[in-house]
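*Asks:* Sharing a model prediction with you, sequence too.
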Amino acid sequence: MAVTLMKLPYAYDALEPFIDEETMKFHHDKHHQTYVNNLNKLVEGTELEGKSAEEILTDLSAVPEKIRQGVINQGGGVYNHDLFWTEMAPEGSTSISEGVKKALSGNFGSLEDFKKKFSASAAGLFGSGWTWLVWDGHKLSIENTQNQDSPVSEGKKAILGLDVWEHAYYLKYQNRRADYIDAWWNVVNWDEVAERLGK
Ligand SMILES: [Fe+2]
């Protein structure tokens, strides 16, 4: 079966006023849909057809070289956005557990320090890409990736991801990426973070 566009787990306006409805509609229905369509076109007729974006990205060496960069871009666009929608929730609908607080404090000093470091990393990313909290099997760290490159291709597990492509914020925040990042913290799905950390 072809890769399909994930359904949003909430309404388009559920993340207002932090992430606006119009941005969500363009971002999910147009940008994400395009990644899905392009990935399907790329893998059609190859042995990758029928695999999920995550399965494909986890083993890039199995991707024929002539479509590999395309698959990294389009497959990353599918997988990263699936994660992004899941990692957000309406304001106040989730809370930070003691376990999450402890894990983040242990690695970054405090929850506030973690947020500061993550935000600074996202604000400092040049061009288009993502900021991640990842687990490499030994420790948690904050890292940026360019374009749609995904931590899963480096054998890392994404715990939290923030889309800092302009399409994620330009309609509402224009050039004010830092304001978008500050607002995004209000809609982080901490239950999902706990779930991913726990696994
Ligand atoms: Fe995006």
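*Replies:* In hand now; what should we look at?
*Asks:* In three-state terms, how would Ser141 be classified?
*Replies:* With DSSP: H, G, I helix; E, B strand; the rest coil as the basis, the three-state label of Ser141 is strand.
*Asks:* Tell me the residue of this protein that sits nearest the ion?
*Replies:* Using C-beta to the ion, the single residue of the chain nearest to the ion is Asp163, 4.2 Å away. Yep, even glycine has a C-beta here, placed from its N, CA and C like the rest.
*Asks:* Hmm, Leu125 and that residue touching each other?
*Replies:* No - counting by C-beta atoms under 8 Å, Asp163 sits too far from Leu125 to count as a contact (10.7 Å).
*Asks:* Which one's more surrounded, those two?
*Replies:* Asp163 (24 against 18; other C-beta atoms under 10 Å).
*Asks:* Which residues are in contact with that one?
*Replies:* The neighbourhood of Asp163, defined by C-beta atoms under 8 Å, 6 or more residues apart in numbering, consists of 27, 80-81, 84, 130.
*Asks:* give me that answer again for 7 Å
*Replies:* The contact partners of Asp163, taken as C-beta atoms under 7 Å, 6 or more residues apart in numbering, are 84, 130.
*Asks:* ok, now the one 4 residues further on?
*Replies:* Remark: with contacts taken as C-beta under 7 Å, 6+ apart, His167 is in contact with 27, 31.
*Asks:* Tell me the confidence at it?
*Replies:* His167 carries a pLDDT value of 98.
*Asks:* Run through the residues of the chain sitting next to the ion.
*Replies:* Neighbours of the ion within the chain, by C-beta under 5 Å from the ion: 163, 165, 168.
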